[in-house]
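> what would the 3D arrangement of this be:
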Amino acid sequence: MCARVKYLTEIPKETPKSLCIVAIAYSFAISYDYPTKSFRKRAIYMKKFAKLAAVLMAAAMLLSLCACGNANNAKKTITLGPSADYPPFEFHILKDGKDQIVGIDVSMAKAIAAEMGAELVIKDIAFDNLLIELGQGTVDFVIAAIELNDERDAQADFSDPYYTDMPPMIVTMKGNEGNYASLADFAAKTVGAQSGTTKAQIVTDEMTGAMPLMMQSVTELVNSLVNGKCDAIVLDGAVAEKYIASNDKLAAVDISLGEAAEPYRVAVQNGDPDGLLPAINAAIKKAIENGDIATWIEEADALSAEAAE
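Okay, the predicted model is just below:
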């Protein structure tokens, strides 16, 4: 068997076609005058070819690994986990006969998806299951008016802040707000909050003697208040204002629960295995600098008012 045929038959089958062509061309080039070369020179040429083949195959493997990495990191779709009972941040509306989830957080998610060049998919989840499903990988990121605390920091990684809400508020039935001058007045009263939130911590840690009522959704809390199943509920300031504005049976209790809330952040899986945070923080930076969040608030307010009609 001539040398070039022998070496060609030894090229691995998995070698990329482009490199096979280079190898074939090289083998023909070095053996074109094969019969006239001495054995020593033929051996030198074959040794050079072997070195080139090794380099080409190493390059092929490196390119293949890079291609796999790019394929894994370039997500065509990205799945958001909100808790869509929290106007104006995330809530349901009926538009053109279809149920849609809208709000400030959804607008933020759309900007993030655009930054990544990905299509946004939304999966509505109960608030206290959000970080659990994030850890399980059923969603890629969570935006749900989430404040950072030690417990959550251990469960996920978080972005830069994108919004700081008003202080939390206590909501009760109109006509009862004057019954409460301090948190001590809620002793022996049933006070509701959304489970897994910092508002739940206010009820259990600061409202001494109160009987906590924890529920998964804010809608359930408001209904419980209206139906007499609790005496008051604790909500984020902006959310409380939306529910009071849409229901004239509700009123805010004039008790301060702090000067300001913790800023809201986007959550991703611990360690950010998909490398999402750089794009998320870039989108947040652009939204803040361009004044987009103020626009999203106005849009969410309008949609929230429309949904309440």
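> residue 190 is in contact with residue 213, isn't it?
Yes: at 5.3 Å, residue 190 and residue 213 qualify as touching, with contact defined as C-beta atoms under 8 Å. C-beta here means a position set from N, CA and C on the backbone, and glycine is covered the same way.
> more neighbours, the two?
Set residue 190 next to residue 213 and count neighbours by other C-beta atoms under 10 Å: residue 213 wins out with 21 against 18.
> before we move on, which element is that one in?
strand 211-215 (DSSP states H and E).
> how far out from the middle of the chain is that strand?
28 Å (C-alpha atoms, centre = their mean, to the nearest Å).
> circling back: what residues are shared contacts of residue 190 and residue 213?
Residues touching both residue 190 and residue 213 by C-beta atoms under 8 Å, 6 or more residues apart in numbering: 229, 230.
> show me which residues of the helix or strand following the strand holding residue 213 are buried.
Downstream of strand 211-215, the first helix or strand assigned by DSSP H and E is helix 218-226. Buried residues in helix 218-226, defined by neighbour count with 16 or more other C-beta atoms under 10 Å: 218, 219, 220, 221, 222, 224, 225.
> hang on, the earlier thing: got the CA positions of the strand holding residue 213 in PDB?
Taking C-alpha atoms only, strand 211-215 is exported to PDB below (Å, rounded to 0.1, in the frame of the first residue of the first chain):
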ATOM      1  CA  MET A 211     -52.800  35.700  65.400                       C
ATOM      2  CA  PRO A 212     -51.000  35.200  62.000                       C
ATOM      3  CA  LEU A 213     -53.000  34.100  59.000                       C
ATOM      4  CA  MET A 214     -50.600  33.000  56.200                       C
ATOM      5  CA  MET A 215     -51.900  32.500  52.600                       C
END
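> now do that strand and helix 218-226, the angle between them.
Per axes from the mean of the first three to the mean of the last three C-alpha atoms, to 10 degrees, the angle that strand 211-215 makes with helix 218-226 is 140 degrees.
> let me know the closest of the buried residues of helix 218-226 to residue 298.
Nearest to residue 298 out of the buried residues of helix 218-226 is residue 218 (C-beta to C-beta; 21.4 Å).
> how about the closest one, nearest residue that isn't a chain neighbour?
residue 85 (4.9 Å; C-beta to C-beta, 6 or more residues apart in numbering).
> how close does that neighbour get to residue 143?
14 Å (C-beta to C-beta, to the nearest Å).
> cool, and residue 224?
Using C-beta to C-beta, we find residue 224 at a distance of 26 Å from residue 143.
> quick check, residue 238 in contact with residue 166.
Yes: counting by C-beta under 8 Å, residue 238 touches residue 166, with 5.5 Å between them.
> between these two, which one's more packed in?
Remark: of residue 238 and residue 166, residue 238 carries more neighbours, 21 against 14, as counted by other C-beta under 10 Å.
> for the more buried one, what are its contacts?
88, 89, 165, 166.
> ok, now residue 141?
Neighbour list for residue 141: 78, 79, 80, 81, 109, 112, 134, 266, 267, 268, 276, 280 [criterion: C-beta under 8 Å, 6+ apart].
> can you count the residues close to the third one?
The number of residues packed around residue 80, counting by other C-beta under 10 Å, is 26.
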